[in-house]
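A.B. asks: structure, please.
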Amino acid sequence: MTRVAVECGACGFSADLEVVRAGNRQVRLKVASGCEAVNRWGAAVARIRWPAVLGRAPEVPGFWGSALDMLTHRTCPVPLAVLKAIEAEIGAARPADVTIHFLPSPEGAAVRGKGG
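C.D. replies: Have a look, this model is predicted:
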């Protein structure tokens with residue numbers, strides 16, 4: 001069993017994930033969050049064929065498609081956290097924390113997107 005805690009960011013929600021290997025190429029996912037959209041998505045993808053989401057050509061309609069359809073924010077970190085937990089559970093990667101830090105802009109520099 002692999003357990004992961006996710007602090008989701010600006011929305012203020014968090015999520016607790018549990019991934020358990022369930023046979024040769026499947027895992028079971030349990031999600032508990034204060035965000036109802038995350039809970040609904042977690043229930044919808046409760047059984048995951050890990051080669052389908054971690055392989056060279058991941059299935060977009062299933063795992064990612066449902067995340068895009070069901071989650072409130074496109075940048076919700078929960079789907080990526082699920083993939084990291086699956087990797088750890090099946091032994092494809094060691095369990096390691098992932099962090100994103102926003103850095104201050106250089107003083108006086110304007111922050112612009114592409115095309116400025």
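
A.B. asks: my read is Leu17 is in a strand, agree?
C.D. replies: Yes: according to DSSP: H, G, I helix; E, B strand; the rest coil, Leu17 belongs to a strand.

A.B. asks: what helices or strands is the longest helix along the chain leaning on?
C.D. replies: Identified as the longest helix of the chain according to DSSP state H is helix 78-90. Counting contacts by 3 or more C-beta pairs under 8 Å, 6 or more residues apart in numbering; DSSP states H and E, helix 78-90 packs against strand 2-7, strand 14-21, strand 26-33, helix 36-44, helix 50-54. (Each C-beta comes from the backbone N, C-alpha and C, glycine too.)

A.B. asks: for Leu68, find the nearest of these.
C.D. replies: Minimum separation from Leu68 across the helices and strands packed on helix 78-90 (C-beta to C-beta) falls at helix 36-44, 9.9 Å.

A.B. asks: which residues touch the closest one?
C.D. replies: 8, 13, 15, 17, 29-33, 66-67, 70-72, 76, 78-79 (C-beta atoms under 8 Å, 6 or more residues apart in numbering).

A.B. asks: may I see the buried residues of it?
C.D. replies: Residues 37-38, 41-42 are the ones in helix 36-44 that count as buried (16 or more other C-beta atoms under 10 Å).

A.B. asks: chain center to it, what's the gap?
C.D. replies: Relative to its chain's centre, helix 36-44 lies at 12 Å (C-alpha atoms, centre = their mean, to the nearest Å).

A.B. asks: give me the angle between it and strand 2-7.
C.D. replies: 160 degrees (axes from the mean of the first three to the mean of the last three C-alpha atoms, to 10 degrees).

A.B. asks: what is the mean pLDDT for helix 36-44?
C.D. replies: Taken as a whole, helix 36-44 carries a mean pLDDT of 96.

A.B. asks: stretch 15-33 too?
C.D. replies: 96.

A.B. asks: equivalent analysis for stretch 100-108, please.
C.D. replies: Mean predicted confidence for stretch 100-108 is 84.

A.B. asks: and if you look at stretch 53-73?
C.D. replies: Stretch 53-73 comes out at a mean pLDDT of 85.

A.B. asks: understood, closing this out.
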